[in-house]
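> Generate coordinates for the sequence data below:
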Amino acid sequence: MSEPTQPAKQGQDFEQTLDRSDTKVAEFDAKQHTLLERIQHLLHNNPTLVPVIVLILSLAAFGLIAGGKFFSAFNLSLILQQVSIIGILAAAQSLIIITAGIDLSVAAIMVLMSVVMGNLAVFAGVPSGIAILVGLAGGFGAGLMNGWFITKVKLPPFITTLGTWSIFYALLLWLSGAQSIRGQDIDTEAPFLKFFGTTFEIGGARITLSAVLMIVVFIVLWYMLNKTAWGRHVYAIGDDKEAADLSGIRTNRTLLSVYGLAGFVCALAGWASIGRVGSISPQSFYEGNLDSITAVVIGGISLFGGRGSIMGALFGALIVGVFRSGLRLSGVDVLWQVFAIGWLIIIAVAIDQWIRRVSA
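Below you'll find the predicted structure:
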């Protein structure tokens, strides 16, 4: 028989190439459907799932270790009360971290604005409502100050907020004279400042309005980030600011709004903290910056920006509260409680790196 013509041979070669390509594609597809990679993709697409699982396991573990007193209505409501202020700060911090930034001044803004509210209402005789509005506006302005340095002067967020942390802290010491405003003075002159310290009972659990405020703040911010164009722009900036610029997003304006909103939320936390603590101290919540970042990281929000749900920060704050309460009821020393939280942070960041590396 005669040899195949050249076109026929080329056709056979082409078919063999397609067969080899199909085999490679099939092998690739099979590889992508391994159990481990399915888990990685699931966590990548649902970043809040990790803190939810950790929270459930933590509750179960400490319920077994600490006994029935851990699941008492009083203890669970106490955990909610204890994390309420840090939870609100974590919500503000989440907004910044989603844009691939970080804010080291959130606690200083919060305490500064509580001092402003207290001085105006207690010592200057300003009506409580006006003093609170001034404090909230001041928080918004402090956030805008951070945003202006970052967007206009082009300073890194870490350096900017490290500097403004010192500025705000110095201002609050100056305004307060390094002295606390006593609870009795607040009760006499401006009781409305303690509004978020009001408690009510549900089935034996004592819930403060500060805890309710925390949940409301997270719900509102979740809606803004997930159901509005502004929220999509915030995530786009965190994912790739240059690409967001090229797509027509006004990145600087959006970043300014993010920092301003974060400052407003910090001031709201300052008002809530007055009711939670019962007084106004310039030394209170000194570790609030680190605690807020801890809640955000454990909550599965990526430090590299552009990924994570703000609700994760709520679960992160609750995880920290559950660990501290469970370890305390188990008789563990405070030193080892801090030790355990440190490991939680490292493990959370490691999981985030693993998800980003494999699922990107």
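> The nearest residue to residue 50 once chain neighbours are set aside: what's it in contact with?
Leaving aside its sequence neighbours, residue 50 sits nearest to residue 300 (Cβ to Cβ, 6 or more residues apart in numbering; 4.9 Å). C-beta coordinates here come from the backbone N, C-alpha and C atoms, glycine included. By Cβ atoms under 8 Å, 6 or more residues apart in numbering, residue 300 lies in contact with 47-51, 308-309, 312, 315-316, 348, 351-352.
> Now the phi/psi pair for residue 200, please.
Backbone torsions of residue 200, given as degrees, to the nearest 10, read phi -150, psi 160.
> hang on, I meant residue 46
In terms of degrees, to the nearest 10, the main-chain angles of residue 46 are phi -130, psi 70.
> and it, how far is that from residue 267?
Using Cβ to Cβ, to the nearest Å, we find residue 46 at a distance of 32 Å from residue 267.
> more crowded one of those two?
Per other Cβ atoms under 10 Å, whichever of residue 46 and residue 267 has more neighbours is residue 267, with 30 against 12.
> List the residues that contact the residue lying closest to residue 139 once chain neighbours are set aside.
Nearest residue to residue 139, sequence neighbours excluded (Cβ to Cβ, 6+ apart): residue 267, at 2.4 Å. Contact analysis of residue 267 by Cβ under 8 Å, 6+ apart lists 109-110, 113, 135-140, 142.
> one more time with 6 Å, if that's ok
The contact partners of residue 267, taken as Cβ atoms under 6 Å, 6 or more residues apart in numbering, are 113, 135-136, 139.
> Repeat that for residue 86.
Contacts of residue 86 by Cβ under 6 Å, 6+ apart are 291, 317.
> Check the one 10 residues further on too.
Applying Cβ under 6 Å, 6+ apart, one finds that residue 96 lies in contact with 103, 262.
> What distance do you get for residue 203 to residue 215?
Distance of residue 203 to residue 215, computed by Cβ to Cβ: 17 Å.
> The two: which has the busier surroundings?
residue 215 (14 against 6).
> Flag every buried residue along stretch 167-180.
168-169, 172-173, 176, 180 (16 or more other Cβ atoms under 10 Å).
> And the strands in the stretch 151-300 of the chain?
Using DSSP state E, counting those that start in this stretch, the strands assigned to the stretch 151-300 of the chain run over residues 199-202, 205-208.
> ok, the first one: who's next to it in the sheet?
Using DSSP bridges, strand 199-202 pairs in its sheet with strand 205-208 (antiparallel).
> List the contacts of the strand it pairs with.
73, 77, 81, 199-200.
> now stretch 161-171: mean pLDDT?
The average pLDDT within stretch 161-171 is 96.
> Can you tell me how far the residue nearest to residue 140 when sequence neighbours are not counted is from residue 314?
If the residues on either side of it in the chain are set aside, residue 140 comes closest to residue 264, at 4.3 Å by Cβ to Cβ, 6+ apart. Per Cβ to Cβ, residue 264 is found 18 Å from residue 314.
> swap in residue 61?
20 Å.
> quick one, which of those two is more surrounded?
residue 314 (28 against 15).
> Now the element after the helix or strand in which the more buried one is found, going C-ward?
Residue 314 is part of helix 310-329 when elements are defined by DSSP states H and E. Downstream of helix 310-329, the next assigned helix or strand under DSSP H and E is helix 334-359.
> From the contact counts, what lies against that next one?
Using 3 or more Cβ pairs under 6 Å, 6 or more residues apart in numbering; DSSP states H and E as the contact test, the elements touching helix 334-359 are helix 35-45, helix 288-298, helix 310-329.
> Mind picking the two most distant members of the contacts of residue 267?
113 and 136 (7.4 Å; Cβ to Cβ).
> Comparing these two, which shows the higher neighbour count?
More neighbours surround residue 113 than the other of residue 113 and residue 136, with 31 against 21 (other Cβ under 10 Å).
> Apart from its neighbours in sequence, what residue is nearest residue 136?
Nearest non-adjacent residue to residue 136, counting by Cβ to Cβ, 6+ apart: residue 267, 4.7 Å away.
> Give me the distance between the one you found and residue 196.
The value you get for residue 267 to residue 196, if Cβ to Cβ is used, is 13 Å.
> that older thread, go through the contacts of strand 205-208 and say which is closest to residue 290.
Nearest to residue 290 out of the contacts of strand 205-208 is residue 81 (Cβ to Cβ; 20.3 Å).
> Now do the same for the nearest residue to residue 291 once chain neighbours are set aside: its pLDDT.
Excluding the flanking residues, the one nearest residue 291 by Cβ to Cβ, 6+ apart is residue 86, at 4.7 Å. Per-residue pLDDT puts residue 86 at 96.
> ok, and residue 86, which helix or strand is that part of?
helix 73-98.
> now the angle from whichever helix or strand comes after that helix to helix 288-298?
Downstream of helix 73-98, the first helix or strand assigned by DSSP H and E is helix 106-118. Angle of helix 106-118 versus helix 288-298, following axes from the mean of the first three to the mean of the last three Cα atoms, to 10 degrees, is 130 degrees.
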